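Engineer: how does the following fold in three dimensions:
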Amino acid sequence: MRIKRLQPAFPRIIPKGSWKALVVLFVGLLLTAITVSYTKNLIEKTALQDFEFDSADLQNKLEARLRAHAQLLRSGVALFASSDTVTRENWRQFHEHSRVQQNMPGIQGFGYTMIIPPEQLSHHIRKTRESGFPDYTVWPEGERDIYTSIIYLEPFSGRNLRAFGYDMFSEEVRQKAMKTARDSAFAVLSGKVLLVQETSEDVQAGTLMYVPVYRRGMPVNTVEERREALQGWVYSPYRINDLTEGILGNWDHPGPDRIHLRIYDNIMRSGDDLLYDSQADESAVKNEEPNLSITLPVRLNSEEWIMVLTRKSEDLSLFNSSLLMVLASGLIISLLLFLLTLSLVKTSKDVKQIQQLNTQLEKLNSDKDRFISILGHDLRNPFNSLLGFLDILTKDFHLLGEEKIQHYLGHLNTVAKNTYGLLENLMEWSKTQSGNVPFKPEVISFKDICNEVCLQVSPNAGAKNIRVNSCIGEDIKIFADSEMLKTVLRNLCTNAIKFTNRGGEVIVCAEQDPRHVKITVSDTGVGIRPELLPKLFDISRSVTTNGTENENGTGLGLIICRELISLHGGKIWAKSTPGKGTSFIFTIPYAGSLKPDSAIIVETTGRKN
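Structural biologist: Now for the predicted structure:
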């Protein structure tokens, strides 16, 4: 039986000693978090690289095609530079042999617009009408400092017929691009316009590319010389949707990781500057929040468009399969390692318990051997004495005098008392081992217990003229079983008297600390040799020594004291100086250390673990 004092606590969920498993679980979860974070970053990096690669591919295709278009227009300029006169038929054949629609799909037309001085406008219109176009005119009407007219445009059919005779220089956006091309001698793209080719159906944003045509033989080294030498422009009009799809082909496939492409002709990227939107008619798709975005320029000489590309990448979703797999694997592995470590901890604890049980069994076997030894030796000798004296009294009673008979009866009385004491000790020790000792702790005054025990041992002390004194304060309260405490104190005092010479002294003192009361029983007796001190409380090694006046002992008294003190959760030990005396010290819980909400748990094990 054992007593424990516990403070209130939450119920234990994780078995005691399982901190190693918790550490393993924490480390596993930490590594899982690090791995998930690393995997997430790797997925994001890969998704971004793929997105940047796809975006750069679109950028390269657009820039390459625009350069090819510029080169086509320069071929047209070369036609003018190599001929004194380029007729409509020459222009048609050039376009046909260039196979523009087959090689460069998406071009609305391939044309030439010439400059017409105001004084030559009427002559120009008359000559063109005489060449087979009776309805021809330069439009829009109105007086201007300079006129231009689209006179050649292939294919000369369908929508392109609407542009015949149009003065592009009369419109601000076109005029700006034409002037820039004139002054720089480079191919130049215009801003966003609405082509005159547009009808009421499938209206698209438009743009135009211009390359200047200079008169043969005139210098073009400076801006002034170029303006003076300007003859007209070779140009191409583009309907942006047709142009982009002609360049990129069937690139926009609906589905996961689809790219949303928008093209602006201005870095401000306002709605009015939007040239192209790959998902303009798909409101549901446009409402999706993208998680990847990039802005790239599409350059042609000094001009550039702005490409804005976005993507809703499934790889960046929290429910990405790779990420979930890593997370699930990490959690499962961490949990398995946690359970495995718990199992190992439990196994280790079981092994320790088995070892403790083996140790206890060995001690029980040793105690059993000691018990049998006591029964066989310490009981046999007294009974031999009893039988011997009884045999003498039985056979020679009539021969013995009264004094001799009284002497033998005195010996018989002493042997019987000692044997009875031995049996009492054996029974008390046996009860402590079997757990059958009733244990009823309560708050009691130690001074009262001490006074009662001192009164009980006073006859033994008086027989040897030994003083038994105490120094116990009135306020010392302990939490103990009063009967057990009396047994302990009586054993220690009796032991002290036995080994103290006549005229000596036995003192019982008590000291109080915040948790315990330390009780000391000191004597001025013969003391104990140092090599015997470790054996005092061990039944397997205990020794029995006669007192100063040959008093007998069993060696069980101190063993019983140790067991009873252990039931209280205390300790007992001894200090001794041979020839000067011995002090036995033990501790008992101080009643004042018990809190109102403390719990007392009694385990009826009968042994201290």
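
Engineer: can you give me the helices in the protein?
Structural biologist: Secondary structure of the chain (DSSP state H): helices at 19-82, 88-98, 100-103, 121-130, 172-184, 223-229, 240-248, 283-286, 321-373, 380-396, 402-434, 446-463, 482-498, 557-567.

Engineer: least reliable of these by average pLDDT, please.
Structural biologist: Among the helices of the chain, helix 283-286 carries the lowest mean pLDDT, at a mean of 56.

Engineer: mind giving me the domain ranges of the protein?
Structural biologist: Following automatic domain parsing, one gets these domains for the chain: 83-245, 250-316, 379-432, 435-609.

Engineer: circling back: for the helices of the chain, which one sits closest to residue 259?
Structural biologist: helix 19-82 (6.2 Å; C-beta to C-beta). Quick note: C-beta positions are derived from backbone N, CA and C, even for glycine.

Engineer: quick one, the closest one and helix 88-98 angle?
Structural biologist: Relative orientation of helix 19-82 versus helix 88-98 (axes from the mean of the first three to the mean of the last three C-alpha atoms, to 10 degrees): 150 degrees.

Engineer: pull the distance from helix 19-82 to the chain's centre.
Structural biologist: Centroid separation for helix 19-82 versus its chain: 31 Å, with C-alpha atoms, centre = their mean, to the nearest Å.

Engineer: ok, stretch 344-360 next?
Structural biologist: 33 Å.

Engineer: for that stretch, buried residues please.
Structural biologist: Across stretch 344-360, burial judged by 16 or more other C-beta atoms under 10 Å covers residue 345.

Engineer: begin at 294 from now on, thanks
Structural biologist: Shifting the count to begin at 294 puts that one at stretch 637-653.

Engineer: residue 763 and residue 445, how far apart?
Structural biologist: If you measure residue 763 against residue 445 using C-beta to C-beta, to the nearest Å, the figure is 135 Å.

Engineer: more neighbours: these two, which one.
Structural biologist: For the pair residue 763 and residue 445, the greater number of neighbours falls to residue 445 (23 against 16), based on other C-beta atoms under 10 Å.

Engineer: how near is that one to residue 371?
Structural biologist: 15 Å.

Engineer: same question for residue 839.
Structural biologist: Distance from residue 839 to residue 371, by C-beta to C-beta: 138 Å.

Engineer: about what we covered before: switch the domains of the chain over to TSV; also include distance to residue 339.
Structural biologist: Listed next are those as TSV, based on distance: least, C-beta to C-beta, whole Å:
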stretch	distance to residue 339
domain 376-538	28
domain 543-609	7
domain 672-725	74
domain 728-902	60
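
Engineer: among those, which is nearest residue 343?
Structural biologist: domain 543-609 (8.0 Å).

Engineer: just the strands in the stretch 794-902 of the chain please.
Structural biologist: Applying DSSP state E, counting those that start in this stretch to the stretch 794-902 of the chain gives strands spanning 798-805, 809-816, 865-870, 874-882, 892-896.

Engineer: let me have those in a markdown table, extended by distance to residue 655, mean neighbour count and mean pLDDT.
Structural biologist: Formatted as a markdown table, these follow (distance: least, C-beta to C-beta, whole Å; neighbours: other C-beta atoms under 10 Å; pLDDT from 0 to 100):
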| stretch | distance to residue 655 | mean neighbour count | mean pLDDT |
| --- | --- | --- | --- |
| strand 798-805 | 36 | 18 | 93 |
| strand 809-816 | 31 | 22 | 93 |
| strand 865-870 | 22 | 16 | 93 |
| strand 874-882 | 26 | 22 | 93 |
| strand 892-896 | 22 | 12 | 42 |
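
Engineer: can you add distance to residue 716 and give these back as TSV?
Structural biologist: Output for the strands of the stretch 794-902 of the chain, formatted as TSV (distance: least, C-beta to C-beta, whole Å):
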stretch	distance to residue 716
strand 798-805	26
strand 809-816	25
strand 865-870	24
strand 874-882	24
strand 892-896	28
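
Engineer: so which of those comes closest to residue 396?
Structural biologist: When these are compared by C-beta to C-beta, strand 892-896 sits nearest residue 396, at 94.8 Å.

Engineer: next, count neighbours for the closest residue to residue 326 other than its chain neighbours.
Structural biologist: Using C-beta to C-beta, 6 or more residues apart in numbering and skipping the chain neighbours, the partner closest in space to residue 326 is residue 623 (8.0 Å). By other C-beta under 10 Å, 20 other residues sit near residue 623.

Engineer: and residue 623, what is it in contact with?
Structural biologist: The contact partners of residue 623, taken as C-beta atoms under 8 Å, 6 or more residues apart in numbering, are 321, 322, 324, 325, 326, 328, 329.

Engineer: and it, how far from residue 531?
Structural biologist: 54 Å.

Engineer: ok, residue 740 next?
Structural biologist: Taking C-beta to C-beta, one finds residue 740 at 114 Å from residue 531.

Engineer: of these two, which one has the most company?
Structural biologist: Set side by side, residue 740 and residue 531 show more neighbours around residue 531, with 26 against 18, by other C-beta under 10 Å.

Engineer: per-residue pLDDT of that one, please?
Structural biologist: pLDDT recorded at residue 531 is 95.

Engineer: which residue packs closest to it, ignoring adjacent ones?
Structural biologist: Using C-beta to C-beta, 6+ apart and skipping the chain neighbours, the partner closest in space to residue 531 is residue 500 (5.3 Å).

Engineer: now swap in residue 627 and tell me
Structural biologist: Among residues not flanking residue 627 along the chain, residue 321 sits closest, at 2.9 Å (C-beta to C-beta, 6+ apart).

Engineer: in contact with that neighbour, which residues?
Structural biologist: By C-beta under 8 Å, 6+ apart, residue 321 lies in contact with 623, 626, 627, 628, 630, 631.

Engineer: those: which two are farthest apart?
Structural biologist: Most distant of the contacts of residue 321, by C-beta to C-beta, are 623 and 631, 12.2 Å apart.

Engineer: can you get me a residue count around the closest residue to residue 361 other than its chain neighbours?
Structural biologist: Computed as C-beta to C-beta, 6+ apart, the closest residue to residue 361 that is not its neighbour in sequence is residue 397, at 6.3 Å. Counted with other C-beta under 10 Å, the neighbours of residue 397 add up to 18.
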